Each structure stands twice: as C-alpha cells, then as structure tokens.
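> Dropping the sequence and predicted coords here.
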Amino acid sequence: MRSQHEIAARISEYKERLAYTLAEKELLGKDAGEYTDLIILALVDKLEALFWVLEMPLPEDDLLDHFSGVRH
C-alpha cells in the first residue's frame, strides 16, 4: 500500500501535468487534437480517485452537476 506522502506527490505531479496540458490546449486551440481532451479527462479522473483515497473534499459544484438535471 502506498504511503500518504507518495499519493500526495502523485497528486502534485498530476496537477502540474493537467495545468500544462490545459495551457497547451488553450494555446493551440482547435489544433490541439482530440488526444489532448482525453489526456485532460484522464488526469481529472486520476485526481478524483486520489482525492477519494486521501478523503480530500471535491468541489461542491462542478460542471457535471449542471448536466445531471432533466431538460425539456
């Protein structure tokens, strides 16, 4: 089992990679390609899992909450 310090280090690494990838996507715009979006989604997923392991709170209101309601 990983130590809390190792998990925190991994979180820091993923946050840095996410920030870099988001900046790259913003800079390249449409030329960034679909793989950039997949990398972003994968990093967010990994971060959420690690936050859950460390019992860190997630943001209360995220984008997914806005899409969960029924629209007519």
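Cool, got the structure.

> Show me what counts as buried in stretch 11-26.
Buried positions in stretch 11-26, judged by neighbour count with 16 or more other Cβ atoms under 10 Å: Ile11, Tyr14, Arg17, Leu18, Thr21, Lys25. (C-beta placed from N, C-alpha, C; glycine too.)

> Ok, stretch 45-58 next?
Lys46, Leu47, Leu50.

> Return the distance of the helix or strand hosting Leu41 from the chain's centre.
Element membership of Leu41, judged by DSSP states H and E, is helix 34-53. In terms of Cα atoms, centre = their mean, to the nearest Å, the centre of helix 34-53 is set 4 Å apart from its chain centre.

> Please list all residues in contact with the residue minimising distance to the centre of the chain.
What sits nearest the mean C-alpha location of the chain, by Cα atoms, centre = their mean, is Val44, with 1.7 Å. Residues in contact with Val44, defined by Cβ atoms under 8 Å, 6 or more residues apart in numbering, are Leu18.

> hmm, back to that, would a markdown table of the buried residues of stretch 11-26 with secondary structure, pLDDT and distance to Ile40 be doable?
Listed next are these as a markdown table, based on DSSP: H, G, I helix; E, B strand; the rest coil; pLDDT from 0 to 100; distance: Cβ to Cβ, whole Å:
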| residue | secondary structure | pLDDT | distance to Ile40 |
| --- | --- | --- | --- |
| Ile11 | helix | 89 | 16 |
| Tyr14 | helix | 93 | 11 |
| Arg17 | helix | 94 | 10 |
| Leu18 | helix | 93 | 7 |
| Thr21 | helix | 92 | 6 |
| Lys25 | helix | 91 | 7 |
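
> what two of these are the furthest from one another?
Spatially, the most separated pair among the buried residues of stretch 11-26 is Ile11 and Lys25, at 20.8 Å (Cβ to Cβ).
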